[in-house]
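**Q** Prediction below, plus the sequence it came from.
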Amino acid sequence: MNRFVWIALFILGLLVPLVVYPVFMMKLLCFALFAFAFDLLLGYTGLLSFGHAAFFGSASYVTGHLVKNSGLTPELGVLAGTLFAGVLGYVVGSLAIRRQGIYFAMVTLALAQIVYFVALKAPFTGGEDGLQGIPRGVLFGLIDLNRVYSVGGHPLALNLYYFVFAVFCLGFWIIHRTIHSPFGQVLKAIRENEPRAISLGYKVDRFKLMAFVISAAMAGMAGATKSLVFQLASLTDVSWHTSGEVVLMTLLGGVGTVFGPLVGAFTVVTLQSELSSVGSWITVIIGSIFMVCVLVFRRGMVGELARLLKRPL
Amino acid sequence: MTFALETQQLTIRFGGHVAVDAVSCAFAPGTLTAIVGPNGAGKTTYFNLISGQLKATTGRVFLHGEDISGCSAPQRSRRGIGRAFQLTNLFPNLTVLENIRLAVQSRAGVGLNLWSVWSHHRELIGRAEEVLETVALTAKRDLAAAALPHGDQRKLEVAILMALEPDVFMFDEPTAGMSVDEVPVILDLIRALKARRDKTILLVEHKMDVVRELADRIIVLHNGALVADGEPAEVIASPIVQEAYLGIEVAK
């Protein structure tokens, strides 16, 4: 990918909150990072996890709890949530990679449901209410994330936005580096032909587990950041709906493409906020769009575009 | 002398069927042994047992005198047993160069490297390009492996094995399904490999003229058992080969 494209996108990311409502953008960035993390497994390793909300949601609880009750600064809170999700990913991954295909997906789903149950029952998660009123805090003890700037008469939480944008860039960079490293090449080999990768001398289980841990940690980083944006960690974050949503975003945008998860997250987040007035019909509408997508352009939006332009996007 | 590779009483049963039946055989370093036998004789299964794709029911495998019976397939590969498959077994959506790079990378042991960028590993890419050159696929380096015609896929299959640089090369019908003018490329590669005299080669091949020319020794498998073993001329002339392999009824 051309260096200028990256720089242009970075500048766009810096300027966009002046035009688009920052909270919408922050939600988009969190879910896009979540989808990128998920795509590292589905698109580059060929593993379909159906329990990724466990990492997204548990990190959001951990960060929320530590920031709210232990007074951690936001950057340490996000770091703690990320690490927790990585450790949880190690546990779930170790069990799940023993199975393949649909069984792998079912093991991840089952373990994610256990995490959901813990979130519902444990004393420190707030049960049905979740953790509310999580303070955004002061970044590095220097930058107040609550600070609102008035730009053209609109109050904009720019400090928070740039924090979220920085986290997103860091997560995206980690995933991007992983994909283009020699390690990432082996992941693709596993996706393409696992027995052949074994016969070349690769211990594929170790590669799959490491990919799982990185993916879980990055999903956690997204969830942790989200809990600061909305000042809320709730059961929705760990529910299987959220696991399904990230599958949907990734497939809509295009599996294994550079920008697919971002476009998919944008589509779903936009639909959710634009159609919030129609109530529960939103599920039917998104479901229909998903079906059309799967039937008409199976490579996802970015995947089809890349095919038409004959270049990777 | 330590043998490069040795199997002792190597056996695998699938239910009641004995696919490989107590095969004991030792392969001297630097030799080329052809393994022949009719379809279903257990040649590919024998390969699978050596490379670790299948676990033997009983029996042992030794590499350079060391017992590797308990090693997994990736461990055996890293210890120096490399194999090319009878049914083309590639990474279909990766490019030709990427297919070979993966073997070069495994050989170099940089698989778990997460923090460098692939395209910066010039020496590994250079090595992959060298191997590509030997099978005359340089012009097709950026095509997806799945887009190659059958003959080129066979060449790529062999090239992956070459890039892995094992001590023991196992070729399972490397020229199967290739057109007549493509076969020499593969045979030249095997010939050159044999001429180095530092690699041990096992070759399953049906074309008798090829076997006669290349092999130092022929072993014959029939119904999973080793039924003949010796100099090419002698084995090809033996009644058991004439009958079991070439399908010629020999009057007793």
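**A** Yep, that arrived.
**Q** Surely A:Gly43 and A:Gly253 touch.
**A** No: A:Gly43 lies out of contact with A:Gly253 (Cβ atoms under 8 Å); the separation is 10.0 Å. C-beta here means a position set from N, CA and C on the backbone, and glycine is covered the same way.
**Q** between these two, which one's more packed in?
**A** A:Gly253 (28 against 24; other Cβ atoms under 10 Å in any protein chain shown).
**Q** Nearest residue to that one in space, please, no chain neighbours.
**A** Nearest residue to A:Gly253, sequence neighbours excluded (Cβ to Cβ, 6 or more residues apart in numbering or on different chains): A:Gly264, at 2.7 Å.
**Q** Roughly how far does the one you found sit from A:Leu29?
**A** Distance of A:Gly264 to A:Leu29, given as Cβ to Cβ, to the nearest Å: 13 Å.
**Q** now B:His150, nearest residue through space, not along the chain?
**A** Closest residue in space to B:His150, ignoring its immediate chain neighbours: B:Gly177 at 5.7 Å, by Cβ to Cβ, 6+ apart.
**Q** residue contacts, that neighbour?
**A** B:His150, B:Gly151, B:Arg154 (Cβ atoms under 8 Å, 6 or more residues apart in numbering or on different chains).
**Q** I'd like to know which of these is nearest to chain A.
**A** Using Cβ to the nearest Cβ, B:Arg154 comes nearest to chain A of these, at 14.7 Å.
**Q** picking up where we left off before, ok, the residue nearest to A:Gly253 touching A:Cys293?
**A** No: in this structure A:Gly264 lies outside contact range of A:Cys293 using Cβ under 8 Å: 9.5 Å.
**Q** Pull up the overlap in contacts between those two.
**A** A:Leu251, A:Leu252, A:Gly300, A:Met301.
**Q** before we move on, the earlier item: for the residue nearest to A:Gly253, give me its contacts.
**A** A:Ala35, A:Leu248, A:Met249, A:Thr250, A:Leu251, A:Leu252, A:Gly253, A:Gly254, A:Gly300, A:Met301.
**Q** Could I get the pLDDT score of it?
**A** A:Gly264 carries a pLDDT score of 92 in this model.
**Q** wait, is it part of a helix?
**A** Yes: under DSSP: H, G, I helix; E, B strand; the rest coil, A:Gly264 sits within a helix.
**Q** which one of the contacts of A:Gly264 sits closest to chain B?
**A** Taking Cβ to the nearest Cβ as the measure, A:Gly254 is the one of the contacts of A:Gly264 closest to chain B, at 14.5 Å.
**Q** What are the boundaries of the helices in the stretch 151-252 of chain B?
**A** B:183-196, B:208-214, B:232-237, B:239-244 (DSSP state H, counting those that start in this stretch).
**Q** Same question for the stretch 51-200 of chain A.
**A** Ranges of helices within the stretch 51-200 of chain A are A:53-69, A:74-96, A:101-121, A:158-179, A:182-192, A:194-199, based on DSSP H, counting those that start in this stretch.
**Q** which stretch among those comes nearest chain B?
**A** helix A:182-192 (3.9 Å).
**Q** Could you pull up the residues touching residue 48?
**A** Reading this off chain A. Counting by Cβ under 8 Å, 6+ apart, A:Leu48 makes contact with A:Leu41, A:Leu42, A:Gly101, A:Phe104, A:Ala105, A:Val247.
**Q** switch to chain B, that's the one I care about
**A** Contacts for B:Asn48 (Cβ under 8 Å, 6+ apart) come out as B:Leu54.
**Q** Show me what counts as buried in the helix or strand harbouring it.
**A** Element membership for B:Asn48 (DSSP states H and E) is helix B:43-51. Neighbour-count burial for helix B:43-51, counted by 16 or more other Cβ atoms under 10 Å in any protein chain shown, picks out B:Lys43, B:Thr44, B:Thr45, B:Tyr46, B:Phe47, B:Asn48, B:Leu49, B:Ile50, B:Ser51.
**Q** where in the chain is pLDDT low?
**A** You didn't say which chain, so I picked chain A. Scanning chain A with the threshold set as pLDDT under 70 gives A:1.
**Q** You answered for a different chain; I wanted chain B.
**A** In chain B (pLDDT under 70), the answer is B:244-252.
**Q** Neighbours of A:Leu131, how many?
**A** A:Leu131 has 22 neighbouring residues, counting by other Cβ under 10 Å.
**Q** That one contacts A:Thr63, doesn't it?
**A** No: taking contacts as Cβ under 8 Å, A:Leu131 lies outside contact range of A:Thr63: 9.3 Å.
**Q** Are there residues contacting both of the two? Which ones?
**A** What both A:Leu131 and A:Thr63 touch, as defined by Cβ under 8 Å, 6+ apart, is the set A:Ser227, A:Ala233.
**Q** Any chance of CSV for the helices of the stretch 51-200 of chain A, columns distance to chain B and mean neighbour count?
**A** As requested, those are exported to CSV (distance: least, Cβ to the nearest Cβ, whole Å; neighbours: other Cβ atoms under 10 Å in any protein chain shown):
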stretch, distance to chain B, mean neighbour count
helix A:53-69, 19, 28
helix A:74-96, 14, 22
helix A:101-121, 18, 17
helix A:158-179, 6, 19
helix A:182-192, 4, 24
helix A:194-199, 5, 20
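**Q** how about the residues of the stretch 101-250 of chain B near chain A?
**A** The stretch 101-250 of chain B comes close to chain A at residues B:101-103, B:105-107, B:110-119, B:121, B:160, B:164, as judged by Cβ under 8 Å from any Cβ of the partner chain.
**Q** at 6 Å what do you get?
**A** Within the stretch 101-250 of chain B, the positions lying close to chain A (Cβ under 6 Å from any Cβ of the partner chain) are B:Leu102, B:Ala103, B:Gln105, B:Ser106, B:Val110, B:Gly111, B:Leu112, B:Asn113, B:Leu114, B:Ser116, B:Val117, B:Trp118.
**Q** and these, which of them are in helices?
**A** Taking DSSP state H, the ones among these that sit in helices are B:Leu102, B:Ala103, B:Gln105, B:Ser106.
**Q** Let me know how buried the third one is, in neighbour terms.
**A** So the one you mean is B:Gln105. B:Gln105: 28 surrounding residues under other Cβ under 10 Å.
**Q** Just the closest residue of chain B to chain A, please.
**A** Closest point on chain B to chain A, by Cβ to the nearest Cβ, is B:Ser77, at 3.5 Å.
**Q** what's that residue sitting at in phi/psi?
**A** Backbone torsions for B:Ser77, taken as degrees, to the nearest 10, come to phi -60, psi -40.
**Q** related to what we said a few turns ago, as CSV, the buried residues of helix B:43-51 with distance to B:Leu214 would be great.
**A** What follows is the buried residues of helix B:43-51, written out as CSV (distance: Cβ to Cβ, whole Å):
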residue, distance to B:Leu214
B:Lys43, 16
B:Thr44, 19
B:Thr45, 23
B:Tyr46, 19
B:Phe47, 17
B:Asn48, 23
B:Leu49, 23
B:Ile50, 19
B:Ser51, 21
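**Q** Just the closest of these to A:Gly13, please.
**A** B:Ser51 (49.6 Å; Cβ to Cβ).
**Q** Contact partners for that closest one?
**A** B:Arg76, B:Ile81, B:Arg83 (Cβ atoms under 6 Å, 6 or more residues apart in numbering or on different chains).
**Q** B:Val185: which of those is nearest?
**A** Nearest to B:Val185, judged by Cβ to Cβ, of the contacts of B:Ser51 is B:Arg83 at 19.3 Å.
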